[in-house]
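# Compute the structure for the input listed below.
(one chain, ligands or ions: 1)
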Amino acid sequence: MTRYKKQDPEITRRKFINVAMGTGAGVGVLSLVSALGSAKPAFRLTPEKAPPIKGDILVHASADKEGQPIRVSELSEQGVSAWPMGKDKDGNNVIRKGEPNNQLSVFRFDRDRFKVPEDGDHAHVVLELDGITAEGIVVYSGICTHAGCPVPNDPNDATKLFCGCHSGQYDLLQGCKVIGGPPPRSMPQVPVELKGEQLVLKDTFVTAPFGFLNEADWETYLEQVKEILG
Ligand code: FES
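Alright, predicted model coming up:
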């Protein structure tokens, strides 16, 4: 069972306000999201645009292998680009690439290198270490929580993510917490488990991805997803 503890929502709210007041380029985006509420209208939801769903498998996102299941033996610290793939109501495979936040990166590290972050400035939700890794495998969104830029792995340090838009930095070994720049919260993580060589999702994003004001906004959206897609 995935175990996690939530951060105080009041702290979350204050953090958002601080970020919105203290950053440059992010202010416009965040203000717009603030004015609109959630930036993800659920009424337009299709299986392709749904967030990752428990039971989805991870498939390659690269053009030469797109749609092929990712195998554990292909993983390393360098990261592999992935999409979640599930089924539609007719049982057909659906790659959920209609939602930008679903651009995922999958990494594999020696488990001993992971650290549970303790400074309280990393995420709205902190997963216990045993709940988030499957044989040292971690899966994160590849979309920056600040203003939604795609974030590649850092070529100079395979343990970090660096967002080139406004120099945001995340630590892959500490729950992808923010270690530099303006991102307001850690990169959202997707817990996985192994079924044979395949990677299967145990849950959706455990923290709010880009485009959502806070965890409550994200949870409301997930309820709508459940109602619409069943
Ligand atoms: S989009 Fe601004 S730091 Fe990533």
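
# Please report phi then psi for the residue of the chain most remote from its centre.
Largest separation from the mean C-alpha position in the chain: Asp90, at 27.3 Å (C-alpha atoms, centre = their mean). With angles defined as degrees, to the nearest 10, Asp90 sits at phi -90, psi 0.

# The one 10 residues further on too?
Here the main-chain torsion angles of Pro100 (degrees, to the nearest 10) amount to phi -60, psi -40.

# repeat for Ile179
Residue torsions, per degrees, to the nearest 10, at Ile179 are phi -120, psi 10.

# Hmm, Tyr170 and it touching each other?
Yes. Counting by C-beta atoms under 8 Å, Ile179 does reach Tyr170; the two are 6.6 Å apart. The way it works is simple: take the backbone N, C-alpha and C, and place the C-beta from them, glycine included.

# For the residue farthest from the centre of the chain, give its distance to Pro47.
10 Å (C-beta to C-beta, to the nearest Å).

# Same question for Glu219.
For Glu219, the distance to Pro47 - C-beta to C-beta - is 20 Å.

# Between the two ends of stretch 102-114, how far is it?
Using C-alpha to C-alpha, to the nearest Å, the gap from the first to the last residue of stretch 102-114 comes to 24 Å.

# Then stretch 98-106?
Stretch 98-106: ends 19 Å apart by C-alpha to C-alpha.

# got the domain boundaries for the protein?
As given by automatic domain parsing, the domain ranges for the chain are 7-43, 57-229.

# how about the ones you listed, which one is nearest the ligand?
domain 57-229 (3.0 Å; C-beta to the nearest ligand atom).

# how about that closest one against the ligand, any contact?
Yes. Counting by C-beta under 6 Å from any ligand atom, the ligand is contacted by domain 57-229 at 144, 146-147, 149, 163, 165-166, 168, 181-183.

# TSV for those, including neighbour count and pLDDT?
Below are the residues of domain 57-229 next to the ligand laid out as TSV (neighbours: other C-beta atoms under 10 Å; pLDDT from 0 to 100):
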residue	neighbour count	pLDDT
Cys144	25	97
His146	25	96
Ala147	20	96
Cys149	16	97
Cys163	27	95
Cys165	17	97
His166	16	97
Gly168	24	96
Gly181	17	97
Pro182	21	97
Pro183	29	95
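
# hmm, back to that, and the domains of the chain, which one is worst for confidence?
Mean pLDDT per stretch puts domain 7-43 lowest among the domains of the chain, at a mean of 39.

# how about the biggest strand by length in the chain: buried residues?
Under DSSP state E, the strand in the chain containing the largest number of residues is strand 80-87. Of the residues in strand 80-87, 80-86 count as buried by neighbour count, 16 or more other C-beta atoms under 10 Å.

# thinking again about what came up before, of Glu219 and Pro47, who's got more company?
For Glu219 versus Pro47, the count of surrounding residues by other C-beta atoms under 10 Å is larger for Pro47: 18 against 11.

# which element is Ala158 on?
Here Ala158 sits in a region with no helix or strand, counting by DSSP states H and E.

# Trp218 now?
Residue-wise, Trp218 maps onto helix 215-229 under DSSP H and E.

# ditto for Ala208
With DSSP H and E as criterion, Ala208 is part of no helix or strand.

# How many residues are close by the closest residue to it other than its chain neighbours?
Nearest non-adjacent residue to Ala208, counting by C-beta to C-beta, 6 or more residues apart in numbering: Trp218, 3.6 Å away. Neighbour count for Trp218, taken as other C-beta under 10 Å: 22.
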